[in-house]
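Visitor: sequence first, then the predicted structure:
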Amino acid sequence: TGAELVSRTGRAAASCRRTRQLIRKGPMSETTLLETETSADAWAKLRDPRFRPTAESIIERSAPPGVRITSMTHVRTAHYVAYRVDAARGAWLVRVGVTAPSDSAPADNSGPHGTSVNMPTGQNREYRLARAFASAGSSAIVPERYITFDGYLDDHAGIDVLWMPFLEDSGVPVTAAQWAQALIPLHASRPAGQLPVFTNRAKTMERMGLWEDREAAAGIGAEYDAAMARLFDVATAWGPVHGDAHCGNVLVADGKAMLFDFDTVCWAPLVWDLTHLITRAGTDRNTGYMAGELKAAFGFTDEEVDAA
């Protein structure tokens, strides 16, 4: 039940808070990007525009065999720096991110049920899960190459680079049937390595822990637990879920919805993946899915769709 969802993610939550607080500070004032020594600082260095020449040099070093780069265009800065890379034999979306000890060691991301997790984090996680889900028949954007470099940021964090095919998004709305086409094979897959068990509650409570209005946070937290208790009670099946299935994490190419960003994948009620589709109705390319079309597309029960 919701009352029993007591997490053991305090250390991970504290690390996330420190990272976000540092990133909120904006561009750094130091004259060099490589002065500080904490892995949290590494995220700020990566996001600083002055790091882009270094990122572009790393991309050149990381190119797959036989790829001759003709141009690079910065397209996004998030928890990674993304470039469109054009070459003689095609185009790629290349993401430069930060590695940390948890990328190569058992992750302290145990979820509310205390299940140990051996799945890597960061872009290594994206690389492995995308390939596993694609093998299971899910419409996932499959990375071609993952490589790491040490020494660019600090003694605790290095750089990782993920090469994915660059696909032109049609920009059309994503239908419920297209979502089902992409998500149902993911739900049925069983990727190697353990997945964290329903991590959303820990992340949600950690965010509310930063609210100044403690009374409001407590009230919303209680409502969240009650809603989750109902969803858990009516769920007919558990398995891998994307965890952040919204129109910003999918593109439509050749009429097919292609998933990416698998950093929130966890073991949860399968119907959990409907929550983002429902709550973001009318935004982005979300058509405002009706309960009936979601039930028909995914095969969930009325009770599951209502709970989501």
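Guide: That came through, no problem. Since the structure is predicted, the reported quantities are computational estimates derived from the model, not experimental observations. Residues are numbered from 1 along each chain as shown.
Visitor: show me what contacts Ala188?
Guide: Remark: with contacts taken as CB atoms under 8 Å, 6 or more residues apart in numbering, Ala188 is in contact with 136-137, 239. Bear in mind the C-beta positions are built from the backbone N, C-alpha and C, glycine included.
Visitor: and if you look at Phe298?
Guide: Phe298 touches 176, 180, 183-184, 271, 274, counting by CB under 8 Å, 6+ apart.
Visitor: again, only using 6 Å
Guide: Ala180 (CB atoms under 6 Å, 6 or more residues apart in numbering).
Visitor: Leu274 now?
Guide: Counting by CB under 6 Å, 6+ apart, Leu274 makes contact with 294, 308.
Visitor: would you say it is within a strand?
Guide: No: counting by DSSP: H, G, I helix; E, B strand; the rest coil, Leu274 falls outside a strand, being helix.
Visitor: so how far is Gly66 from it?
Guide: Here Leu274 is placed at a distance of 42 Å from Gly66 (CB to CB, to the nearest Å).
Visitor: over to Ala237?
Guide: 44 Å.
Visitor: cool, and Asp86?
Guide: Asp86 is 15 Å from Gly66, by CB to CB.
Visitor: hey, where'd the strands end up in the stretch 101-250 of the chain?
Guide: Secondary structure of the stretch 101-250 of the chain (DSSP state E, counting those that start in this stretch): strands located at 145-149, 159-165, 238-241, 250-253.
Visitor: buried ones in the third one?
Guide: The neighbour-count check on strand 238-241 (16 or more other CB atoms under 10 Å) flags 238, 240-241 as buried.
Visitor: and of those, the nearest to Val94?
Guide: Nearest to Val94 out of the buried residues of strand 238-241 is Pro240 (CB to CB; 26.2 Å).
Visitor: His79: which of the strands of the stretch 101-250 of the chain is closest?
Guide: Evaluated over these, closeness to His79 peaks at strand 159-165, with 11.7 Å, by CB to CB.
Visitor: strand partners (parallel or antiparallel) of that closest one?
Guide: strand 90-98 (antiparallel), strand 145-149 (antiparallel) (DSSP bridges).
Visitor: what's the neighbour count on Met208?
Guide: 17 (other CB atoms under 10 Å).
Visitor: and it, how far from Gly219?
Guide: Distance of Met208 to Gly219, given as CB to CB: 10 Å.
Visitor: Arg190 now?
Guide: Arg190 is 38 Å from Gly219, where distance means CB to CB.
Visitor: ok, back up a step: take the buried residues of strand 238-241 and write them to CSV, including pLDDT.
Guide: Converted to CSV, the buried residues of strand 238-241 look like this (pLDDT from 0 to 100):
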residue, pLDDT
Trp238, 92
Pro240, 92
Val241, 93
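Visitor: how about the residues you listed in TSV, adding distance to Ala227?
Guide: As requested, the buried residues of strand 238-241 are exported to TSV (distance: CB to CB, whole Å):
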residue	distance to Ala227
Trp238	17
Pro240	22
Val241	16
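Visitor: what's the burial count for the closest residue to Phe198 other than its chain neighbours?
Guide: Nearest residue to Phe198 in three dimensions, chain neighbours excluded: Ala268, at 4.3 Å (CB to CB, 6 or more residues apart in numbering). Residues near Ala268, counting by other CB under 10 Å, number 25.
Visitor: nearest the geometric middle of this structure, what residue?
Guide: Central residue of the chain (CA atoms, centre = their mean): Asp263, 3.0 Å from the mean position.
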